[in-house]
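Trainee: next comes the sequence, and after it the predicted model I'd like to discuss.
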Amino acid sequence: MKAIVLLCLVALAVADKSARIVNYQSGIEEDGSYATEFETTNGIKAKGDGISYPGNAPNTGNYVMTGSYSYTWEGVTYTVNWTADENGFHPVGDHLPDFSHTREHIGFVDDHL
């Protein structure tokens with residue numbers, strides 16, 4: 001769900017005040033999976049899907065999610081594809097730096113706790 005909040009914040013950051021939602025679809029299934037997407041009049045598009053994996057104790061478990069969002073800024077369309085899981089949020093886009101090698105240098109967060 002954190003990823004959905006992030007998508008909404010991105011949309012607010014680049015949206016003009018006259019933009020309206022022209023498409024919104026969202027659903028949650030009995031197995032804990034969900035899918036959502038929206039599009040605005042100013043060309044912002046976002047979609048995501050995922051599933052919840054409950055843990056063995058209350059307030060444990062995790063979500064595994066994937067999605068994308070795109071927006072146009074000064075005539076250039078930016079697209080971000082992302083995944084989010086127990087290892088964090090992983091955005092990928094042509095305009096974003098590649099941090100895929102970072103784990104090789106610093107290891108996993110758990111290694112430093």
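Mentor: Yep, that arrived.
Trainee: run through who's touching stretch 17-27.
Mentor: 34-42, 44 (Cβ atoms under 8 Å, 6 or more residues apart in numbering). The way it works is simple: take the backbone N, C-alpha and C, and place the C-beta from them, glycine included.
Trainee: mind running it again at 6 Å?
Mentor: 35-42 (Cβ atoms under 6 Å, 6 or more residues apart in numbering).
Trainee: please apply the same query to stretch 85-100.
Mentor: With contact meaning Cβ under 6 Å, 6+ apart, stretch 85-100 is reached by 62, 64, 78-83.
Trainee: where's the dip in pLDDT among those residues?
Mentor: Scanning the contacts of stretch 85-100 for pLDDT, the smallest score is found at residue 62, 85.
Trainee: for it, what are its contacts?
Mentor: 53, 86.
Trainee: shaky segments in this structure?
Mentor: Scanning the chain for pLDDT under 70 picks out 1-15, 100-113.
Trainee: ok, which stretches of this structure are strands?
Mentor: Using DSSP state E, the strands found in the chain span residues 21-28, 33-40, 45-54, 61-73, 76-85, 88-92.
Trainee: mind giving me CSV with these and columns for distance to residue 99?
Mentor: Output for the strands of the chain, formatted as CSV (distance: least, Cβ to Cβ, whole Å):
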stretch, distance to residue 99
strand 21-28, 30
strand 33-40, 26
strand 45-54, 21
strand 61-73, 18
strand 76-85, 13
strand 88-92, 9
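Trainee: picking up where we left off before, farthest-apart pair in the contacts of stretch 85-100, please.
Mentor: 62 and 78 (28.1 Å; Cβ to Cβ).
Trainee: on that earlier part again, whichever of the contacts of stretch 17-27 end up buried, select them in ChimeraX.
Mentor: Here is the ChimeraX command that selects the buried residues among those (16 or more other Cβ atoms under 10 Å):
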select :36,37,38,39,40,42
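Trainee: okay, the contacts of stretch 17-27 in CSV with distance to residue 95 next?
Mentor: Output for the contacts of stretch 17-27, formatted as CSV (distance: Cβ to Cβ, whole Å):
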residue, distance to residue 95
35, 26
36, 24
37, 22
38, 21
39, 20
40, 20
41, 23
42, 19
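Trainee: thanks a lot, see you next time.
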